[in-house]
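[1] My questions are about this predicted structure, shown below with the sequence.
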There are 2 protein chains.
Amino acid sequence: MKRTTLLILCLSCFLAAGAENGYDLWLRYKPSGNQTYRQHITAVLTTGSSPTMKAVRDELTRGLSGLLQTAITHSTAVNRDGIVIAGTPHSSPLIHNAGIAPLLQQAGEEGFIIVTKKIGDKKCILISGNSDVGVLYGAFHFLRLLQTEQPVEQLHIVSTPRIKLRMLNHWDNLDRTVERGYAGFSIWNWHTLPGYIDQRYIDYARANASIGINGTVLTNVNANATILTKPYLEKVKALADVFRPYGIKVYLTARFSAPVETGGLKTADPLNEEVRQWWTKKVKEIYTYIPDFGGFLVKANSEGQPGPQDYQRTHADGANMLADALAPFSGIVIWRAFVYSNENPADRHKQAYDDFVPLDGRFRPNVMVQVKNGAIDFMPREPFHPLFGAMPKTPLMMEFQVTQEYLGQGTHLVFLAPLFAETLQSDSYQKGPGSTVAKVIDGSMDGHPLTGIAGVANIGSDINWCGHPFAQANWYALGRLAWDHTLSSKQIAEEWLRMSYSNDERFIGTASKLMLESRDIMVQYANPIGLHHIMGTSHHYGPAPWVNDLNRPEWNPVYYHRADSTGIGFNRTATGSNALAQYHPEARARWENMLTCDEKNLLWFHHVPWDFRMKSGRSLWDELCYQYYTGAERAGKMRDTWQTLQPYVDRQRFEQVSMLLQIQHEEAIWWRNACLLYFQTFSKRLIPAEYEKPSKTLEYYKSLQFPFAPGI
Amino acid sequence: MKRTTLLILCLSCFLAAGAENGYDLWLRYKPSGNQTYRQHITAVLTTGSSPTMKAVRDELTRGLSGLLQTAITHSTAVNRDGIVIAGTPHSSPLIHNAGIAPLLQQAGEEGFIIVTKKIGDKKCILISGNSDVGVLYGAFHFLRLLQTEQPVEQLHIVSTPRIKLRMLNHWDNLDRTVERGYAGFSIWNWHTLPGYIDQRYIDYARANASIGINGTVLTNVNANATILTKPYLEKVKALADVFRPYGIKVYLTARFSAPVETGGLKTADPLNEEVRQWWTKKVKEIYTYIPDFGGFLVKANSEGQPGPQDYQRTHADGANMLADALAPFSGIVIWRAFVYSNENPADRHKQAYDDFVPLDGRFRPNVMVQVKNGAIDFMPREPFHPLFGAMPKTPLMMEFQVTQEYLGQGTHLVFLAPLFAETLQSDSYQKGPGSTVAKVIDGSMDGHPLTGIAGVANIGSDINWCGHPFAQANWYALGRLAWDHTLSSKQIAEEWLRMSYSNDERFIGTASKLMLESRDIMVQYANPIGLHHIMGTSHHYGPAPWVNDLNRPEWNPVYYHRADSTGIGFNRTATGSNALAQYHPEARARWENMLTCDEKNLLWFHHVPWDFRMKSGRSLWDELCYQYYTGAERAGKMRDTWQTLQPYVDRQRFEQVSMLLQIQHEEAIWWRNACLLYFQTFSKRLIPAEYEKPSKTLEYYKSLQFPFAPGI
């Protein structure tokens, strides 16, 4: 009997082996190798009948059926050991009387508890929270324990999010192109909404709920006012209805000039009464469709977007006008601090700080200012933004970029948790040592109840959602860190690998190391020693440090690297742009002296002579060569390491990643050769003889064109 | 023991029940209900080691494992009954000596045989052909027999394609938008080619091979010369390498002005020696990458595309220049006859005939002229193109549109086999009665060895390839009819339904009826009684018969319906444009007399008074109302009928089709109301009282805007 069973299972495995297309993300629920789970888990009992509790029940059924390979019994009474009970105390006397009130107090509004409890004489697993969505988060966490093969005999877990708004920002246009999207096109098929609900919308909500994401901005910050018209609001409503049971609120980008473009007004001046009324009415209309609408995300007076400064008003004037319209419905405004101006001769690094610090304290309580992790633009490595800690009266929201605009786009394996963590753990010193960016963001430093982390999504219409199979890990990491920024990158990598691939320790050890090193490697072969913004124009694909003919000075790579016959790097000290002055003295101490500056950011803050002696003993030029060559070599090793993991990975994903790592290695060499050949025209020094010579000329690299590169 | 097995299988079924996303098309290979197959099929023996024979082996393994739910044994000797032997006589003495030479002679170059044979004393199933790709087609056909639960005890099948070139035309742009695409974006991810081979490319080739498609034009007829540059040819090569084992040749669209745009020449005059040399060199270069490159498809001097007429040369001059470059490599030119000109005052219906008939006999032997099924443009119902039968010295290739540009786009269930068959079975009478379009196309009428049918693909990046789950049937039908145009629409519908959904007879009976009626229903609610080209501008979505302000007269719906106070319809008789004169007298006899004209095409050929008495006894106006109301009502019945099929369909696809049929019904009502309200402004007659009144005004329908409709 056993034999037949196994044969059939193996056949299923055989058939499935080549067919892992990645659609299921980290929610694959494949048969668990832990045979004890079937003893500890015998049935499911859910209480309550809300759509969210239906989602809990469906997910536990789906997950446990797959993991335990058995049909899951739904129990209505605690009549045996091993029942998984899920619900809130409000919906069930059973849970109300289970003696978990003190634990639930710790869980807060969205948190959950998972505890082993005797109910009567039966040993049960209790998943609870103070809200249905808390229970849903708990259910996903419980499934994660099984997916990662954790023991479940004695559970005592209390988890509550450290950040209130955990959001995705989709830079999705209404024509379904995605700005900086490398995974196909927008998953929002506006044309067939609201009548057609793509299964993707539901699975998107499931995936987000599984990692605690509770908000999504559906549209690009480079906004189109059409989204605010009636036919589109009906479409948005349909999505909001799908997402609501999963605890996800919908937000939209508000084009500041919408009153002119779709409202027929002559102005969008935020102090104009007609304009204010237009927005008040529009917001009211939105809430008739979506009673829990989250609010607006706004990019204003930046890179061509309209804004209050068009009318000689401040960012605060603009944000507050929208905030006033949203306040009656508890909606919020998220106002982006990513602003810089052609007319402003100051180092771009400084402009957001200059613009926003004076406005601290002048925003309505339902306004957040959303700040990119660094002052330039999502570079592979970037010092934390000087605004963090500098606007104590304003809740600042973190904006990370999950999509890999500058980090290899769709073809490079780069795990971003270390990048996110690096920023979060940076010390602003604004209230003494330990004033980390994380403490600014989670509200603990300045006592803000409104807190948030947003990630620019890397999600598209590709079957596997994210293009590169490992890019899924960055979506996962964003959610997990937004829930708990104290999680280590290693833990996140391992969780994701276990859920997405295999619990085999040999696989986990090697694959997590590969992930954890990947971002450092990428920095090394593309932007070592603090170089930044030296990529191709417009599409940002590949190296192009030579570009110097774009309309705006700060769009040109030469603005950032400033290579000349004496050296390379951007002097942002007091003898240069003095951007360093925007940091707290103790924070900038890490960087302001060229001799002691953290070398990872050396060229970010200093223009350094070619013969400068690095800590390695090499000259700067030789170090640059060393870094580029080492980075490219390590990219090749990533590819080779992956080959050793073939026994643990299904055929389709193994081959996908193999091909992509080969591309990554080739592109790492491209970065290395193109940059070194170009910088060599200034340094006039040889590439050390131990390195293989670039096989192509600088002219060749300059000649490369990518007329249809994605994501523009 | 049996019990356990069944339990596990049921669990798999349970888990899979909600998860049919349509990616597997008609190659799902789900467990067969026919229990005798496991007796008749015990092992697989393939001979030969070519990539094509590897594909045969893989497909038989995959298909039989799934269908029979057993691990398939690969045998190397005929040591038992029930071995499926696949190979050519060239690769195996076993097959060479099996006594099938006479059958193979009938099979031709690409055909196959599937016969039950004793080999020694073992009863085997022999799949063979004269080429490896013939064997591959046979293997897919054999799997189809099992998928549709045909008996396999005594097989004696010989099948050979009636058409030589069975092609898809992708109107895919290099930026991945798809002109007239309603299933997402292009599956060709040019950016990551050639390094990254998407699994889709392989599954695309499998799906095409399974229905006999042997050529694909990768790029839009509205062409971009970039595809002919080196970096892109390297990408095309990668696709060609994937497709080759599946018998699929790659073709490209040639932008006529490429020598100017990418070659730096001052002219693209086809008689200019430099231009001829440029193409000769370019073709030679292409063949270094793709030794079996199929050739060029060209849209020239039509809708803004450049062409030979820009230099006062003829279509033949242009086609022959390219043909001369391709001839040394056995490549061909497919030159489209879809031309019409702003400057030409003649009825657009007549222009292709006027342009091309005089050129008959002036094309090189490796030129085909590709003609749309009708003279206007893929209308829901269209009389056959008068060119068919009128160019006996030129091989004409049929161009069908599989993507539903005018037939409900992505949201309407419209099975196109009846449309294809209607054209193919039309009698041109050019060589006496029975001179069907099919005989023109398959070469039998005029003795052409070069024959072809092309379908404008409906394939995109949607997970299920085609957007609407039932749109897959149109891809399937195109391939099956190109292989054998004598297949009935009913047989094709049933095959597809059995492979894609269920062999349950209750399901098949109802679902095939629904499919077979669907195109008539669509014509009824959108373009009844011969109305045509009255759709929305540019995106062609929904009704807009009122449009009269476009730049070119023949782009306006009013050009086609000519409604006025006296009546409606386009007089194409001798008293009108006389387009009918382009047909053979016996063919046009069906249409030229208003009193006897086939009413399905009445308004196509006649301007008919509102009070004209129809065969039903109704006036034309009342008949128009009857058709529109009946069509919309029947669309509603399609939706209701589908609901009865829930027991036979997995949840995901059932719900997809349910939502789409609801949209279809709403849009049918939209068509009905918008068209009748508009035509009523001319007829000044009431909509008969028995019909419900349109709920919206004509102004409402005119006001609808679809700024981001797909496929433009």
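    Alright, I've got the coordinates. Numbering: from 1, shown residues only, chains lettered A, B, ... in the order given.
[2] For chain A, give me the ranges with low pLDDT.
    Along chain A, segments meeting pLDDT under 70 span A:1-18.
[3] can I see the domain layout of it?
    A:33-159, A:165-500, A:524-570+A:607-703 (automatic domain parsing).
[4] Now that we have those, can you turn them into CSV and tack on distance to chain B?
    For every residue, glycine as well, the C-beta is placed using N, CA and C. Formatted as CSV, the domains of chain A follow (distance: least, C-beta to the nearest C-beta, whole Å):
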stretch, distance to chain B
domain A:33-159, 6
domain A:165-500, 4
domain A:524-570+A:607-703, 4
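[5] looking at those, which is buried most?
    domain A:165-500 (a mean of 22; mean count of other C-beta atoms under 10 Å in any protein chain shown).
[6] from the chain's centre, how far out does the helix or strand in which residue A:652 is found sit?
    Element membership for residue A:652, per DSSP states H and E: helix A:651-683. Computed by C-alpha atoms, centre = their mean, to the nearest Å, the chain-centroid distance of helix A:651-683 equals 24 Å.
[7] Also stretch A:462-481?
    Centre-to-centre, stretch A:462-481 and its host chain are 9 Å apart (C-alpha atoms, centre = their mean).
[8] measure that stretch end to end?
    Separation of the first and last residues of stretch A:462-481 by C-alpha to C-alpha, to the nearest Å is 25 Å.
[9] Next: stretch A:496-505.
    14 Å.
[10] Stretch A:428-445 too?
    Length of stretch A:428-445, first residue to last, C-alpha to C-alpha: 11 Å.
[11] Please apply the same query to stretch A:163-182.
    28 Å.
[12] I'd like to know which elements the helix holding residue A:652 is packed against.
    In terms of contacts (3 or more C-beta pairs under 8 Å, 6 or more residues apart in numbering or on different chains; DSSP states H and E), helix A:651-683 is packed against helix A:505-526, strand A:567-568, helix A:620-643, helix A:698-703.
[13] Give me the angle between it and helix A:505-526.
    30 degrees (axes from the mean of the first three to the mean of the last three C-alpha atoms, to 10 degrees).
[14] between helix A:651-683 and helix A:620-643, how big is the angle?
    Going by the same axes, to 10 degrees, helix A:651-683 makes 170 degrees with helix A:620-643.
[15] roughly how far apart are residue A:296 and residue A:165?
    With distances taken as C-beta to C-beta, to the nearest Å, residue A:296 is found 13 Å from residue A:165.
[16] actually residue A:262, not the one I wrote
    From residue A:262 to residue A:165 the distance is 27 Å (C-beta to C-beta).
[17] got it, and residue A:329?
    Distance, residue A:329 to residue A:165, by C-beta to C-beta: 16 Å.
[18] which stretches of the stretch 101-250 of chain A form strands?
    Assigned strands in the stretch 101-250 of chain A, in chain order: A:112-119, A:122-128, A:156-159, A:165-169, A:215-217, A:249-253 (criterion: DSSP state E, counting those that start in this stretch).
[19] Distance to residue A:529 for those - can I get that in JSON lines?
    Output for those, formatted as JSON lines (distance: least, C-beta to C-beta, whole Å):
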{"stretch": "strand A:112-119", "distance to residue A:529": "44"}
{"stretch": "strand A:122-128", "distance to residue A:529": "49"}
{"stretch": "strand A:156-159", "distance to residue A:529": "40"}
{"stretch": "strand A:165-169", "distance to residue A:529": "30"}
{"stretch": "strand A:215-217", "distance to residue A:529": "35"}
{"stretch": "strand A:249-253", "distance to residue A:529": "36"}
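[20] Figure out which of the helices and strands packed on helix A:651-683 is closest to residue B:655.
    With distances scored as C-beta to C-beta, the stretch of the helices and strands packed on helix A:651-683 nearest to residue B:655 is helix A:505-526 (36.8 Å).
[21] For that closest one, buried residues please.
    Within helix A:505-526, the residues that count as buried by 16 or more other C-beta atoms under 10 Å in any protein chain shown are A:507-508, A:510-512, A:514-526.
[22] Give the next helix or strand downstream of it.
    Per DSSP H and E, the helix or strand that comes after helix A:505-526 is helix A:557-561.
[23] what separates that next one from the chain centre, distance-wise?
    The mean C-alpha position of helix A:557-561 is separated from the chain mean by 27 Å, C-alpha atoms, centre = their mean.
[24] Output the domains of chain A as JSON lines; include the columns distance to residue B:440.
    JSON lines is the format used below for the domains of chain A (distance: least, C-beta to C-beta, whole Å):
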{"stretch": "domain A:33-159", "distance to residue B:440": "55"}
{"stretch": "domain A:165-500", "distance to residue B:440": "38"}
{"stretch": "domain A:524-570+A:607-703", "distance to residue B:440": "44"}
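[25] I'd like to know which of the ones you listed lies nearest to residue B:42.
    In terms of C-beta to C-beta, the element of these nearest to residue B:42 is domain A:524-570+A:607-703, at 26.4 Å.
[26] Report the distance from that closest one to the chain centre.
    Its chain's average C-alpha position is 25 Å from that of domain A:524-570+A:607-703, according to C-alpha atoms, centre = their mean.
[27] Quick one: end-to-end distance for that domain.
    Distance between the two ends of domain A:524-570+A:607-703: 24 Å, counting by C-alpha to C-alpha.
[28] next one: stretch A:390-403
    Criterion C-alpha to C-alpha; first-to-last residue distance in stretch A:390-403 is 27 Å.
[29] roughly how far out does it sit from the chain middle?
    Centroid separation between stretch A:390-403 and its chain, computed with C-alpha atoms, centre = their mean, is 13 Å.
[30] Also stretch A:430-446?
    Its chain's C-alpha centre and that of stretch A:430-446 lie 21 Å apart, by C-alpha atoms, centre = their mean.
[31] Can you tell me what sits against it?
    By C-beta atoms under 8 Å, 6 or more residues apart in numbering or on different chains, the residues outside stretch A:430-446 that reach it are A:162-164, A:384, A:388-390, A:392-393, A:395-398, A:423-429, A:449-453, A:485-486, A:584, A:586.
[32] Among the residues you listed, which are located in helices?
    In helices, judged by DSSP state H, the following of the contacts of stretch A:430-446 are found: A:423, A:424, A:586.
[33] contacting residues around the first one?
    When contacts are counted by C-beta under 8 Å, 6+ apart, residue A:423 touches A:373, A:374, A:382, A:384, A:398, A:400, A:437.
[34] please redo it, this time with the cut-off set to 7 Å
    By C-beta atoms under 7 Å, 6 or more residues apart in numbering or on different chains, residue A:423 lies in contact with A:373, A:384, A:437.
[35] Name the nearest residue to the first one, ignoring sequence neighbours.
    Ranked by C-beta to C-beta, 6 or more residues apart in numbering or on different chains and with sequence neighbours excluded, the top spatial neighbour of residue A:373 is residue A:423, at 4.3 Å.
[36] Same check on the second one?
    Once flanking residues are discounted, residue A:384 sits nearest to residue A:426: 3.9 Å by C-beta to C-beta, 6+ apart.
[37] mind listing the helices in the stretch 101-250 of chain A by residue range?
    A:101-107, A:132-147, A:199-210, A:230-243 (DSSP state H, counting those that start in this stretch).
[38] In CSV, list the C-alpha atoms belonging to the third one.
    Read that as helix A:199-210. What follows is helix A:199-210, C-alpha atoms only, in CSV (Å, rounded to 0.1, in the frame of the first residue of the first chain):
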residue,chain,number,x,y,z
GLN,A,199,-6.9,35.8,-10.8
ARG,A,200,-3.7,37.8,-10.5
TYR,A,201,-5.4,40.5,-8.5
ILE,A,202,-6.4,37.9,-5.9
ASP,A,203,-3.0,36.3,-5.8
TYR,A,204,-1.4,39.7,-5.6
ALA,A,205,-3.4,40.4,-2.5
ARG,A,206,-2.6,37.0,-1.0
ALA,A,207,1.1,37.5,-1.6
ASN,A,208,1.1,40.9,0.0
ALA,A,209,-0.9,39.8,3.0
SER,A,210,1.5,37.0,3.5
